[in-house]
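J.: any chance you can model this:
(2 chains)
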Amino acid sequence: MLTIKCPWCGERDQIEFSYGGEGHIARPTETEKLTDAEWGDYIFFRKNPKGVHYERWTHSAGCRRWFNAVRHTVTDQFWDVYKTGEEAPVPPEDWDGIQSRAEYEAARSTQAAKKEG
Amino acid sequence: MMKYSIFSLARNARTYHQDWPKAWRSPDPKPEYDVVIVGGGGHGLATAYYLATVCGITNVAVIEKGWLGGGNTGRNTTIVRSNYLWDESAALYDHAVNLWEGLSQELNYNVMFSQRGLLHLAHNVHDMQEIGRRGNSIYLNGVDSEFITPEQVKEMVPFINLNCRYPVMGALLQKRGGTARHDAVAWGYARAADAAGVDIIQNCEVQGFDITDGKIQAVRTSRGTIKAKKVGVVTAGHSSVVAEMAGFRMPLESFPLQAFVSEPLKPIVDCVIMSNAIHAYISQSDKGELVIGGSGDPFISYSQRGSFDQIEHVAGPILELYPIFSRVRMMRQWGGITDVTTDRSPILTKTPVEGMYFNCGWGTGGFKATPGSGHVFAMSIAKGEMHPIAAPFSMDRFSSGALIDEAAAAAVAH
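T.: Numbers count the residues shown, from 1 in each chain, chains lettered A, B, ... in the order given. Have a look, this model is predicted:
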């Protein structure tokens, strides 16, 4: 079962949450000057990546607050969650989406320790 | 190509079926093709077949990352219908049903198309109004559709529990709807396309495109660079990924959609029964398995698995409607990645890259359209202009606003 860590409530079952789609899409300013194509792009076009995705969730059956998350769309593994307005944590290039962030960083520090040793 | 018939069957029986020829060749890619089709699913293979047979373009390759029909063609619930609300959809999906009706003969391959009838149940006043509106609209478009009462539903499906939590108040019946054998569709088109001269190249992944001055030049693949005058991309759930390689975005999001089959049972469900309101649908394969589907996952993913909670969302309504199945064991579960548009209508379109065409966005219900989609897409590629049936589905509708909004209408369940 997929679990999601709400930044306020902690780890909860995915069914408590609602998905809010791709994150960090700013509503255009000066909308009166937008072309139809620019409007269409804002409303309908999405990155839809196979890999790391920055997205919005809301804890509908909990605190009902919105937050952002970084997830790998092949494995559904979350790298991290962050509150609205906070800077997005960027996973390293070689993150395969299988390990959790804790597992990845533990593996990294063991490797580093071996090199030093 | 050896013609399949009762005589070839008898002839091959004498040699214990050891000498059947391969259904299609597996050639190495040539350096250049007139048209390269990316994606060897039903729609891609159908496109290649109609390019070769209807449009007279035989220097065609279909390149496929894995094996033929290994994506959504092999992962859907094989339902065929054309009872859509809008005129544009009716034209496209009914074109497909018309082609389905002669497909086994045309391809000389039994695609097991069975027009066993398809029921859309209505469970509340809104549903009744919706099937009323849609049923009449479908009827006016010349597509068969009739309203039936709960008593008639009971006659067709004696084991249904009409007085369940959301009682059945009526239904919309499309008698020409039904099912087909999904693998046979891919194999039948592949065999017929191959016989018409199309090169089908499996285990050949697209890695990029050579584009100069906004015009497609070549497809870079895991088996080398293949020059192409035109490229048709038919990659379903991965269309956004392929579009990114070509340097533009598509108005798509990819969601996993699950399906399930039970252990094989004796014949019991002799039609397709769908319900939008409680969102579950069921039919029975010729092997006897109950084929069950429901709604997709609510978040984008390429996991080809689906969430556990969706299983419960499907099993609950199925058992409420058909308590007789309470002890049936489910045998397999899987997920396919559906490329969903905002208006739940497909995209058949030219792209910002000259000579490159996309056929995608079929979302949760592309299988039913396979022949029609391939046919109009092939004619569009050949001519360089979208076929009149395909034209309303161009991606410029997302800036013009001329959406074909099946989202709130017919296309919820497939």
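J.: for chain A, what's the nearest residue on the stretch 1-150 of chain B?
T.: Of all residues in the stretch 1-150 of chain B, B:Lys65 sits closest to chain A, at 12.3 Å by C-beta to the nearest C-beta. No exception for glycine: its C-beta is placed from N, CA and C like everyone else's.
J.: so what's that residue up against?
T.: Neighbour list for B:Lys65: B:203-206 [criterion: C-beta atoms under 8 Å, 6 or more residues apart in numbering or on different chains].
J.: one more time with 6 Å, if that's ok
T.: With contacts defined as C-beta atoms under 6 Å, 6 or more residues apart in numbering or on different chains, the neighbours of B:Lys65 are B:Glu205.
J.: how about the helices in the stretch 51-200 of chain B?
T.: Taking DSSP state H, counting those that start in this stretch as the criterion, the stretch 51-200 of chain B contains helices spanning B:87-101, B:103-107, B:125-140, B:150-156, B:182-195.
J.: so the first one versus helix B:182-195, what angle?
T.: Right, helix B:87-101. Counting by axes from the mean of the first three to the mean of the last three C-alpha atoms, to 10 degrees, helix B:87-101 points 80 degrees away from the direction of helix B:182-195.
J.: just want the angle from helix B:87-101 to helix B:125-140.
T.: Using the same axes, to 10 degrees, helix B:87-101 lies at 70 degrees relative to helix B:125-140.
J.: give me the number of residues near B:Thr78?
T.: Burial of B:Thr78, expressed as a neighbour count using other C-beta atoms under 10 Å in any protein chain shown, amounts to 24.
J.: if we can go back for a sec, and the helices of the stretch 51-200 of chain B, which is most packed in?
T.: helix B:182-195 (a mean of 25; mean count of other C-beta atoms under 10 Å in any protein chain shown).
J.: same for it, what does it pack against?
T.: In this structure, helix B:182-195 packs against helix B:42-53, with contacts taken as 3 or more C-beta pairs under 6 Å, 6 or more residues apart in numbering or on different chains; DSSP states H and E.
J.: how far away is the closest residue to B:Phe248 other than its chain neighbours from B:Met395?
T.: Taking C-beta to C-beta, 6 or more residues apart in numbering or on different chains as the measure, B:Phe248 lies nearest to B:Pro352, with 4.9 Å between them; neighbours along the chain are not counted. Distance check for B:Pro352 against B:Met395: by C-beta to C-beta, to the nearest Å, it reads 9 Å.
J.: please say which of the two ends up with more neighbours.
T.: Higher neighbour count among B:Pro352 and B:Met395: B:Met395, with 25 against 13, using other C-beta under 10 Å.
J.: the more buried one and B:Pro346 touch, don't they?
T.: No: in this structure B:Met395 lies outside contact range of B:Pro346 using C-beta atoms under 6 Å: 10.4 Å.
J.: which SS state does the residue nearest to B:Phe248 fall under?
T.: Following DSSP: H, G, I helix; E, B strand; the rest coil, B:Pro352 is assigned to coil.
J.: so it makes contact with B:Ala246?
T.: No: because the distance of 8.2 Å does not satisfy C-beta under 6 Å, B:Pro352 is recorded as not touching B:Ala246.
J.: near chain A, which residues of chain B?
T.: Taking C-beta under 6 Å from any C-beta of the partner chain as the test, the list of chain B residues beside chain A reads B:240-241, B:249, B:251-254, B:298-303, B:308-309, B:342, B:398-399.
J.: select only the buried ones of those in ChimeraX?
T.: Only the buried entries of the residues of chain B next to chain A go into this ChimeraX selection, using 16 or more other C-beta atoms under 10 Å in any protein chain shown:
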select /B:240,241,249,251,252,253,254,299,300,301,302,303,342,398,399
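J.: which residues does B:Asn359 contact?
T.: With C-beta under 6 Å, 6+ apart, B:Asn359 has these contacts: B:43, B:234, B:348, B:377.
J.: so which of those residues are in strands?
T.: Applying DSSP state E to these, the entries found in strands are B:Leu348.
J.: in a markdown table: the contacts of B:Asn359, plus pLDDT and neighbour count.
T.: As requested, the contacts of B:Asn359 are exported to a markdown table (pLDDT from 0 to 100; neighbours: other C-beta atoms under 10 Å in any protein chain shown):
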| residue | pLDDT | neighbour count |
| --- | --- | --- |
| B:His43 | 98 | 33 |
| B:Val234 | 98 | 29 |
| B:Leu348 | 98 | 28 |
| B:Phe377 | 98 | 30 |
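J.: thinking again about what came up before, from B:Ala315, how far off is the residue of the stretch 1-150 of chain B closest to chain A?
T.: Here the criterion is C-beta to C-beta. By it, B:Lys65 lies 33 Å from B:Ala315.
J.: check B:Arg134 too.
T.: Counting by C-beta to C-beta, the separation of B:Arg134 from B:Ala315 is 27 Å.
J.: and if you look at A:Ala61?
T.: With C-beta to C-beta as the criterion, A:Ala61 and B:Ala315 are 21 Å apart.
J.: B:Arg11 now?
T.: Shown here: B:Arg11 relative to B:Ala315, a distance of 47 Å by C-beta to C-beta.
J.: the more surrounded of these two?
T.: B:Ala315 (17 against 12).
J.: for that one, pull up the helix or strand it's in.
T.: Here B:Ala315 sits within helix B:308-321, counting by DSSP states H and E.
J.: what's that helix packed up against?
T.: For helix B:308-321, the helices and strands in contact under the criterion 3+ C-beta pairs under 6 Å, 6+ apart are strand B:280-284, strand B:289-296.
J.: quick check: mean pLDDT across stretch B:178-198?
T.: In this model, stretch B:178-198 carries a mean pLDDT of 97.
J.: which residues are contacting it?
T.: Stretch B:178-198 is touched from outside by B:1, B:23-25, B:42, B:45-46, B:48-49, B:52-53, B:58, B:60, B:68-69, B:73-74, B:78-80, B:107, B:109, B:111-116, B:200, B:283, B:370, with contacts defined as C-beta under 6 Å, 6+ apart.
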